[in-house]
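K.L.:
here is my input; please provide its structure:
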Amino acid sequence: MSGLPSSWALAAFNDTVETVSTAGHVVETNEYADDGSIPVLTQGATELDGFTDDTSKAFDSNRSLIVFGDHTRAVKLGKPPFAVGPNTRVLAPGPGLTSKYLYYQLLTILPPSRGYGRHYQFLARSQLAIAPLGEQERIVAAIEEQFSRLDAGAAALGRVRQNLKRIRASALESEIRRQWPQRTLEEVCLSVADGDHQPPPQSSSGVPFLVIGNVRSGHIDFSNCRRVSETYYGRLHPKRRPQVGDVLYTVVGSYGIPVLVDSKDPFCVQRHIAILRPSPKVDARYLRYALGTGSARGQADSCATGTAQMTVPLSGLRRMTIGVPTLDEQRLVARRLDAVESAIDRIESDINSFTRRLRTLRSSILAAAFSGKLSLRDPNDEPASLLLQRIALGPSSNGHKAVRVGRPRRNRAGIPE
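P.N.:
Residues are numbered from 1 along each chain as shown. Okay, here's the model as predicted:
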């Protein structure tokens, strides 16, 4: 790191951070409870994954500790008492660091992802920028002030997303009227089929093979999809080869998501996705919207079966009913809903852009904080180099090695770089 203030110092990670033993503090994944007296911090992305009532597994410390996911690179600030999940490291700041200062700095020096490989070894070889203790407190306060503003912005964007969902649902319910003649999907579709029940052989090239993850957004996403050979695709029954104007409908797990097929490119789907081919009696766009109403969702809920993974059977799907007005009315409704959907999509695109901007700002704030650009200097603060040297010379209560201190480089004019 270069360009640090002259009152800061560089120190090796292993000389300033203690690895705390997790022996006796690990709660296995199958032992997590939904509630309890002791929270369990894991290497997962969520802040908290479960609880335990086994108080013997809790860390007992008078200061916060850092939990690091060796596989996931997740960094969490843990305030005892807490226990941990498997494959986590627990870190304690040395005498020259505050817990929150270390926590926020770790977010800026995380190693690149190595998939499910272990990452702590790379973190341990890094260096930390050590500010004077008083300035560490000011930096943390400045970070949290800025982050609270970003959090407020993120919460506002979340409320807009929820409002858009309500607007979409309200538009569907107002346009697709219950008093229209009800017809079963079997009556208004030429076929209601699903994908091949045998797992297809994968190919490095060929025809896209979609799973629920490729349609969960309500749109077909061909990125990062598996592929099958053209020979396999050619052997499929025509009703199992989606074509323009078909409607896909998820029937397993995240069931009840309708998607209109508007691509001429060939593809096929897993059996967790149904393929509805509309008859001339029904407009494809209207069918897609009708399947997104609360009434359709309620019917899907009623016929879904299973325990771990709920499934809407094709027999139940065929019995589901929708209101069917004249074809001209269907097309008019579809055009109006297309306009609503287009407006909502534009707003959601803007929300996604703002969300990415918030993430970028969060990273920028951290980068500024640990290069000395977010807080004011106080001449009364003890320089970090003197602090670390004093700690290294004094008795150690936590087993730290002598701290190797590096001062910020200076140019020929004597100005810190």
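K.L.:
could you pull out the helices for this structure?
P.N.:
Using DSSP state H, the helices found in the chain span residues 13-16, 99-106, 120-123, 133-175, 185-188, 230-235, 284-290, 294-303, 314-319, 327-369, 384-393.
K.L.:
those helices: which one's closest to H219?
P.N.:
H219 lies closest to helix 327-369 among the helices of the chain, at 8.9 Å (Cβ to Cβ). From N, CA and C alone the C-beta is placed, and that goes for glycine too.
K.L.:
output the longest strand belonging to this protein.
P.N.:
Looking across the chain with DSSP state E, the single longest strand is strand 202-210.
K.L.:
circling back to that earlier point, which one of the helices of the chain lies closest to G24?
P.N.:
helix 120-123 (19.7 Å).
K.L.:
would you mark the buried spots in that closest one?
P.N.:
Neighbour counts over helix 120-123 (16 or more other Cβ atoms under 10 Å) mark 120, 123 as buried.
K.L.:
tell me the gap between that helix and the middle of its chain.
P.N.:
23 Å (Cα atoms, centre = their mean, to the nearest Å).
K.L.:
list the contacts of that helix.
P.N.:
The contact list for helix 120-123, computed with Cβ atoms under 8 Å, 6 or more residues apart in numbering, reads 13, 68, 70, 89, 106, 109-111.
K.L.:
dump these into CSV; add distance to G323 as well.
P.N.:
Below are these laid out as CSV (distance: Cβ to Cβ, whole Å):
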residue, distance to G323
F13, 64
F68, 55
D70, 55
R89, 58
L106, 56
I109, 58
L110, 53
P111, 56
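K.L.:
tell me which of these fall in strands.
P.N.:
Per DSSP E, the subset of the contacts of helix 120-123 in strands is 68, 89.
K.L.:
surely P80 is in contact with S61?
P.N.:
Yes - counting by Cβ atoms under 8 Å, P80 does reach S61; the two are 4.5 Å apart.
K.L.:
so P383 sits right up against A9, yeah?
P.N.:
Yes - P383 lies in contact with A9 (Cβ under 8 Å); the separation is 7.4 Å.
K.L.:
which of those two has more neighbours?
P.N.:
Higher neighbour count among P383 and A9: A9, with 28 against 17, using other Cβ atoms under 10 Å.
K.L.:
what's the distance between that one and A129?
P.N.:
Distance of A9 to A129, computed by Cβ to Cβ, to the nearest Å: 8 Å.
K.L.:
kindly report the same for G316.
P.N.:
61 Å.
K.L.:
returning to what we had before: can you list the contacts of helix 120-123 in a markdown table and add neighbour count and distance to E187?
P.N.:
Formatted as a markdown table, those follow (neighbours: other Cβ atoms under 10 Å; distance: Cβ to Cβ, whole Å):
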| residue | neighbour count | distance to E187 |
| --- | --- | --- |
| F13 | 17 | 68 |
| F68 | 22 | 58 |
| D70 | 18 | 57 |
| R89 | 19 | 60 |
| L106 | 21 | 61 |
| I109 | 16 | 62 |
| L110 | 15 | 57 |
| P111 | 15 | 59 |
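K.L.:
how much space between the closest residue to R319 other than its chain neighbours and M320?
P.N.:
In this structure, R319 finds its nearest non-sequential neighbour in T184, 5.7 Å apart by Cβ to Cβ, 6 or more residues apart in numbering. As for T184, its distance to M320 is 7 Å (criterion: Cβ to Cβ).
K.L.:
T305 contacts P313, correct?
P.N.:
Yes - look at T305 against P313 with Cβ under 8 Å: they come within range, at 6.7 Å.
K.L.:
between the two, tell me which one has more neighbours.
P.N.:
Between T305 and P313, counted using other Cβ under 10 Å, the more crowded position is P313 (16 against 9).
K.L.:
that one touches S302, doesn't it?
P.N.:
No - P313 lies out of contact with S302 (Cβ under 8 Å); the separation is 11.8 Å.
K.L.:
tell me the contacts of R271?
P.N.:
194-197, 252.
K.L.:
can you pick the most crowded of those?
P.N.:
G195 (22 neighbours).
K.L.:
where in this protein is pLDDT low?
P.N.:
1-2, 393-417 (pLDDT under 70).
K.L.:
so between G316 and A129, which is more surrounded?
P.N.:
A129 (23 against 17).
K.L.:
residues touching the more buried one, list them.
P.N.:
1, 4, 8-10, 105, 370-372.
K.L.:
for P111, same thing?
P.N.:
With Cβ under 8 Å, 6+ apart, P111 has these contacts: 73, 119, 122-123, 126.
K.L.:
again, only using 6 Å
P.N.:
Residues near P111 by Cβ atoms under 6 Å, 6 or more residues apart in numbering: 119, 122-123.
K.L.:
let's have the residues you listed in TSV, adding distance to L361.
P.N.:
Formatted as TSV, the contacts of P111 follow (distance: Cβ to Cβ, whole Å):
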residue	distance to L361
H119	25
F122	26
L123	24
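K.L.:
and those, which is closest to L172?
P.N.:
Closest to L172, out of all of the contacts of P111 and judged by Cβ to Cβ, is H119, at 45.6 Å.
K.L.:
give me the number of residues near the closest one?
P.N.:
H119 has 20 nearby residues by other Cβ under 10 Å.
K.L.:
swap in T88?
P.N.:
So T88, with other Cβ under 10 Å, has 26 neighbours.
K.L.:
quick one: contacts for it?
P.N.:
Here T88 is in contact with 43, 67, 69 (Cβ under 6 Å, 6+ apart).
K.L.:
between those residues, which has the most around it?
P.N.:
V67 (24 neighbours).
K.L.:
list the contacts of that residue.
P.N.:
41, 76, 78, 84, 88, 90.
K.L.:
distance of the residue nearest to the spatial centre of the chain from V75?
P.N.:
Compute the mean C-alpha point of the chain, and by Cα atoms, centre = their mean the closest residue is A45, 7.3 Å away. Separation of A45 from V75 (Cβ to Cβ): 11 Å.
K.L.:
what of E348?
P.N.:
Distance of E348 to V75, computed by Cβ to Cβ: 30 Å.
K.L.:
got it, and P111?
P.N.:
Using Cβ to Cβ, P111 is found at 12 Å from V75.
K.L.:
ditto for P199
P.N.:
P199 is 38 Å from V75, where distance means Cβ to Cβ.
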